[in-house]
Each structure stands twice: as C-alpha cells, then as structure tokens.
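Undergrad: Fold the following for me, if possible:
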Amino acid sequence: GWKNKDGFYYIISMLCGLPNALTDVTPDSDEGKIVDIIIALWALSLAGTIIGIVGGMSVINTLVESAEALGEKFGKKKED
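TA: Modelled structure (predicted):
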C-alpha cells in the first residue's frame, strides 16, 4: 500500500496535470487505474462546479463589469 503522503502528492499532481509527478508511486493494478480514473473524473467535475458557482456570483459579475469599464476608460473599446 501507499503512504498517505504519497497518495496525496499523486492526486495533486494528477489534478494539476503535471508532466512530472510529485511522487514516484503510480497505480500498478487494473483496479488502481480504474480508481484513478474515477477520482480524476470526480475531481474535474467538482472543479467545474466550483468554477461555475464562483463565476455566477454577483461579486464576480461586478468585478467583470468594473474591469470592462476600466478598459473602456483607457481606450480599449469593447467590440459588439
């Protein structure tokens, strides 16, 4: 089995899409590879949900509108 630290580093490097993993351990068995795929799908779905929720917040919309107004103020016109 893996140590908790190795598992944590493996999951973080997988979620970040790092080309060089933060640890030397990898799933060896078919079951481990299936669990790895399931965790990746779950994590990407969770990240997409969080991004969607944050993107829909009124505070974020206000920041985007302020940034657009600031861009127009400095001559960067938004094309329709």
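
Undergrad: can you pull out the helices in this protein?
TA: Here the chain has its helices, by DSSP state H, at 4-16, 30-55, 58-73.

Undergrad: average pLDDT for the second one?
TA: In other words, helix 30-55. Across helix 30-55, pLDDT averages out at 90.

Undergrad: how far is stretch 32-41 from where the chain is centred?
TA: A distance of 16 Å separates the C-alpha centroid of stretch 32-41 from that of its chain, computed with C-alpha atoms, centre = their mean, to the nearest Å.

Undergrad: now swap in stretch 34-49 and tell me
TA: The answer for stretch 34-49 is 10 Å, by C-alpha atoms, centre = their mean.

Undergrad: Export only the CA atoms of it, formatted as PDB.
TA: Output of stretch 34-49 as PDB, limited to C-alpha atoms (Å, rounded to 0.1, in the frame of the first residue of the first chain):
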ATOM      1  CA  ILE A  34      -9.900   2.400 -12.600                       C
ATOM      2  CA  VAL A  35     -10.000   4.100  -9.200                       C
ATOM      3  CA  ASP A  36      -7.500   6.700 -10.500                       C
ATOM      4  CA  ILE A  37      -9.800   7.500 -13.500                       C
ATOM      5  CA  ILE A  38     -12.900   7.700 -11.200                       C
ATOM      6  CA  ILE A  39     -11.100  10.100  -8.900                       C
ATOM      7  CA  ALA A  40      -9.900  12.200 -11.900                       C
ATOM      8  CA  LEU A  41     -13.500  12.500 -13.300                       C
ATOM      9  CA  TRP A  42     -14.900  13.300  -9.900                       C
ATOM     10  CA  ALA A  43     -12.300  16.000  -9.200                       C
ATOM     11  CA  LEU A  44     -12.700  17.600 -12.600                       C
ATOM     12  CA  SER A  45     -16.500  17.600 -12.200                       C
ATOM     13  CA  LEU A  46     -16.100  19.200  -8.700                       C
ATOM     14  CA  ALA A  47     -13.700  21.800 -10.000                       C
ATOM     15  CA  GLY A  48     -16.100  22.700 -12.900                       C
ATOM     16  CA  THR A  49     -19.000  23.000 -10.500                       C
END
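
Undergrad: Kind regards, and thank you for your time.
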